[in-house]
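Engineer: compute the structure for the input listed below.
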Amino acid sequence: MFIREEKRGSIILQVIMLFTMCVLLTGLLTYATEYFRASQNVKDQIESLAAQTAREVILAAEEYPAHEWLLGYWHDHADELDIEYDADYTAESKTAEKARILAEHNPDLQLRYAETDEIIKMSAEDQKLYAEIIYSWLITRINQIKQVCSPDYLFCVRTEAPYDRQFFMFSAADPGAERGTEYEQVYTLGVTVSVDKSQQDAMQSAVKNQSYIADAGSYVDYYFVMDTIDGHDYLVGMTFDLAAVTTAVEQQRSSRSVTAMVYQIILSVICAIAIMLVVIRPLKIIQVSIRQYKDEKDSGKVRNLLEHINMNNEIGELSNDVIEMTAEIDDHLDRISRITAERERIGAELGLATDIQRSMLPHAFPPFPNRSEMDLYALMEPAREVGGDFYDFFMVDDDHLCLVIADVSGKGIPAALFMMISKIIIKSCAMLGEGPAWILRKTNEAICEDNQTEMFVTVWVGILELSTGILKAASAGHEYPVIRHPGSRFELYKDQHGFVIGGLEDMEYTEYEVQMQPGSEIFVYTDGVPEASDAENNMFGIQRMLASLNETTDASPEMIIRHVRHSIDMFTRDGTQFDDLTMLCIRYNGKE
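Structural biologist: Numbering: from 1, shown residues only. Reported below is the predicted structural model:
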């Protein structure tokens, strides 16, 4: 690897630069400290004023005994209310007219002191009038509070976890201010806005601590919990502009920072001389020893070079640590060499095991080039170097083709060994000429006889009579086969499952028949196909598998399997393959 050589600077010059930077940093820290102290005094005053303003707003709302009902009603019917904002309460105002109408409908009702029970008994129309009247009164009172306490913005919002949105209940406006839903306007009831992370944190802190003040640069934001109703938090919020006090704070912090920097320069010169003698010289020796070890990888030479540093401080400890570290690195390098050689040996053996397993499965296609009665293709991709899935097909006699697909529990080398045993037993039983149910029963007896590992295998066995197209099959807990007859679509064939092979002794299996027509196709697979997952652990599933199969009109079995494999790749993308993928597809062509 190419390493670019860089010109090294003098360590003395670097120390001088370091202390110059320290002086500047100290000045900046002093500047920031003075600014913080001055700003904090202003912020404390603003926080006191904000708390007082929030309490005034809450008292204004709580003057109405039914204020909790009103808050909920205003929220739920925001788009339906005809609200007169900033009313002047003249006899001709809309709000006054509404109050007159409501009084006619409810002569015993005292608007300012109405209880929730009284309001609930009113008609829906009167409830709406009541909510509009009180809202207009409250807005006028909130405007007065804003004029007295002078926040730049004063409002009340409804929110809830995760506090990413604000539903504006009411907003105070200065005389002549324009109300609306745009950013520069004073928001009306029902405006909902999304807020950034800083506002979310501020509201969450206010809910947790009753109130919260947040410094937003030239502005200060303040939130105070007004009420919590049915899991919804109502917050009084306000913003104060700090621009008016910025100039005074700037002058105060500048004068104190200059004084601190002068003292720091004097102290820095004295400290620089001491550090050169006590720190830099022994560190230079340690640097030389490290570079020597990098080039020669000889911990003995490092020890001889650093033994002369006898300092009872951190530099002495660093010297000892370098000596111990180089000795440990030498030991680690030796162990890594041995581990690497062992891993290479294991990798070679796994590669050989992969080749052996692959050679155990039929891999020449077309498998029976002289037989026109069928077209056949199969695929097995293990999740690791070796897997537990397998398929098999072979001629029992001149007129009967045996098809097998199976999935061994577990993965890796144990599953691969169990797979080889199962494959041999199944084929041996099948060659005796009996039916699929008998084959599964005898295979189960043989495996259960000495199954100390308690592993099992799901198996689907089918025997196709080529002269008639009759397929006899049986399943030992395997996935449902998929069948497509001429002129139709691929569909699941929900056969009767028997128990898995190797699970229990003396199991019986049910055999069934399927009449294959010329052009009929059957597709069998292991659970690695529907359970293939993407990066978010969503599974490919049976429905996606069927959809992919039905996209292959008039395709060969090989093209069908490759299309399904491509669909799985497109679905999983960056997902990890956790299970073996095995598929087998046969098309029955019939006798010529």
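
Engineer: mind listing the strands for the stretch 251-400 of the chain?
Structural biologist: Counting by DSSP state E, counting those that start in this stretch, the stretch 251-400 of the chain has strands at residues 374-381, 389-397, 400-408.

Engineer: could you look over these and pick the most buried one?
Structural biologist: For the strands of the stretch 251-400 of the chain, average neighbour numbers computed from mean count of other Cβ atoms under 10 Å are highest in strand 400-408, which has a mean of 24. Using the backbone N, CA and C atoms, a C-beta is placed for each residue, glycine as well.

Engineer: tell me where the model's unsure across the stretch 51-200 of the chain.
Structural biologist: Confidence mapping of the stretch 51-200 of the chain against pLDDT under 70 gives the ranges 87-91.

Engineer: in TSV: the strands of the stretch 251-400 of the chain, plus distance to residue 564 and mean pLDDT.
Structural biologist: Shown next, in TSV, are these (distance: least, Cβ to Cβ, whole Å; pLDDT from 0 to 100):
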stretch	distance to residue 564	mean pLDDT
strand 374-381	9	93
strand 389-397	14	93
strand 400-408	14	95
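
Engineer: CSV for these, including distance to residue 367?
Structural biologist: CSV is the format used below for the strands of the stretch 251-400 of the chain (distance: least, Cβ to Cβ, whole Å):
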stretch, distance to residue 367
strand 374-381, 6
strand 389-397, 7
strand 400-408, 10
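
Engineer: any stretches of the stretch 351-500 of the chain with poor pLDDT?
Structural biologist: 351-359, 384-387.

Engineer: quick one: the helices in it?
Structural biologist: Assigned by DSSP state H, counting those that start in this stretch, the stretch 351-500 of the chain shows helices spanning 412-430, 436-448.

Engineer: could you do the stretch 1-150 of the chain as well?
Structural biologist: All helices of the stretch 1-150 of the chain, identified by DSSP H, counting those that start in this stretch, fall at 11-62, 67-76, 94-105, 116-121, 124-149.

Engineer: nearest to residue 292 among the ones you listed would be which one?
Structural biologist: The closest of these to residue 292 is helix 11-62. By Cβ to Cβ, the value is 17.9 Å.

Engineer: buried sites along stretch 56-65?
Structural biologist: By neighbour count with 16 or more other Cβ atoms under 10 Å, stretch 56-65 contains the buried residues 56, 57, 58, 60, 61, 64, 65.

Engineer: what do you get for stretch 202-219?
Structural biologist: 202, 203, 204, 205, 206, 207, 211, 212, 213, 214.

Engineer: just these now: which is nearest residue 400?
Structural biologist: Closest to residue 400, out of all of these and judged by Cβ to Cβ, is residue 204, at 72.2 Å.

Engineer: quick check on the closest one: phi, psi?
Structural biologist: The phi/psi pair for residue 204 (degrees, to the nearest 10) reads phi -60, psi -40.

Engineer: measure it to residue 375 for me?
Structural biologist: Distance from residue 204 to residue 375, counting by Cβ to Cβ, to the nearest Å: 65 Å.

Engineer: and if you look at residue 229?
Structural biologist: Distance, residue 229 to residue 375, by Cβ to Cβ: 70 Å.

Engineer: what do you get for residue 321?
Structural biologist: For residue 321, the distance to residue 375 - Cβ to Cβ - is 71 Å.

Engineer: could you do residue 409 as well?
Structural biologist: Distance, residue 409 to residue 375, using Cβ to Cβ: 32 Å.

Engineer: cool, residue 588 as well?
Structural biologist: Counting by Cβ to Cβ - residue 588 and residue 375 are separated by 9 Å.

Engineer: wait, what's in contact with residue 475?
Structural biologist: Contacts for residue 475 (Cβ atoms under 8 Å, 6 or more residues apart in numbering) come out as 458, 459, 460, 461, 495, 496, 497, 498, 509.

Engineer: now with 7 Å?
Structural biologist: By Cβ atoms under 7 Å, 6 or more residues apart in numbering, residue 475 lies in contact with 460, 495, 497, 498.

Engineer: out of these, who's nearest residue 81?
Structural biologist: Distance to residue 81, by Cβ to Cβ, is smallest for residue 497 among the contacts of residue 475, at 62.9 Å.
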